[in-house]
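[1] Here is my input, please return the structure:
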Amino acid sequence: MAFSDTLEQLKNFDVNDIDVDRMGVWPLPGKIFVCALLVILVLVGTYYVKVKELNQQLERAVAEESSLRQTFETKSFQAANLEEYRAQMVEMEKSFGALLSRLPSDTEVPGLLEDIDARGSESGLEINSIVLEPEQEAEFYVELPISIDVEGGYHDMGTFVSGVAGMPRIVTLHDFTITRSDDSGPLNMQIDAKTYRYKSQDE
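    Numbering: from 1, shown residues only. Take a look at the predicted model:
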């Protein structure tokens, strides 16, 4: 009987007559429907306000965890190989020191020019001139160009070039020209040499 009454109320219920102030006289199914709708709206609102924010926080936490895990793995690998890195650093410092010792300082440049002159004399060449050109600065070192003009035989020039290249100090040879003034005269060689010195922190 009650179910038939409910159906009768639903048949006679006019949606246009809905009045929130008179909700107490609504039929029971209408009240249940409205309450269910309100519950659904509250749940949906809660999801978008709270659950969605929690999901975003979770995603950020997962991404941070992945980043921290990678950082940990990198630092763990470095820590495991720390002794090898230290050994490599010591070896690099020794190599750097050895190379640095081969670069002349300002006070050693005159001696270097004398050594080049001696190599020329030992090779049987006549030294016309050895001129130190203006310095050229690079980022970590200073380049010291040297213009050399010698005369003599072809094989003597080869001996001179080998002697300069084999000097304890780092000296590189560039841009040479060999000419002869006449058919019976000696050969003339003009060659550019470059040596280097380490650029100090003050410079």
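[2] just so I have it, where are all the helices in this structure?
    2-12, 28-46, 52-80, 82-101, 109-122, 154-165 (DSSP state H).
[3] By mean pLDDT, show me the worst of those.
    Of all these, the segment with the smallest mean pLDDT is helix 2-12, scoring a mean of 54.
[4] Looking at the helices of the chain, which is nearest to Phe140?
    Nearest to Phe140, of all those, is helix 82-101, at 10.9 Å by Cβ to Cβ. Every residue, glycine included, has its C-beta placed from N, CA and C.
[5] how about the helices of the chain, which one is nearest Ile146?
    Smallest distance to Ile146 across these (Cβ to Cβ): 7.1 Å, for helix 109-122.
[6] List the buried residues for that closest one?
    Val109, Leu112, Leu113, Asp115, Ile116, Arg119, Gly120 (16 or more other Cβ atoms under 10 Å).
[7] Same list (those) but as TSV, adding distance to Glu91.
    Output for the buried residues of helix 109-122, formatted as TSV (distance: Cβ to Cβ, whole Å):
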residue	distance to Glu91
Val109	30
Leu112	28
Leu113	34
Asp115	30
Ile116	32
Arg119	33
Gly120	37
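[8] could you redo the helices of the chain as JSON lines and give each row distance to Pro145?
    Output for the helices of the chain, formatted as JSON lines (distance: least, Cβ to Cβ, whole Å):
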{"stretch": "helix 2-12", "distance to Pro145": "106"}
{"stretch": "helix 28-46", "distance to Pro145": "80"}
{"stretch": "helix 52-80", "distance to Pro145": "43"}
{"stretch": "helix 82-101", "distance to Pro145": "20"}
{"stretch": "helix 109-122", "distance to Pro145": "12"}
{"stretch": "helix 154-165", "distance to Pro145": "14"}
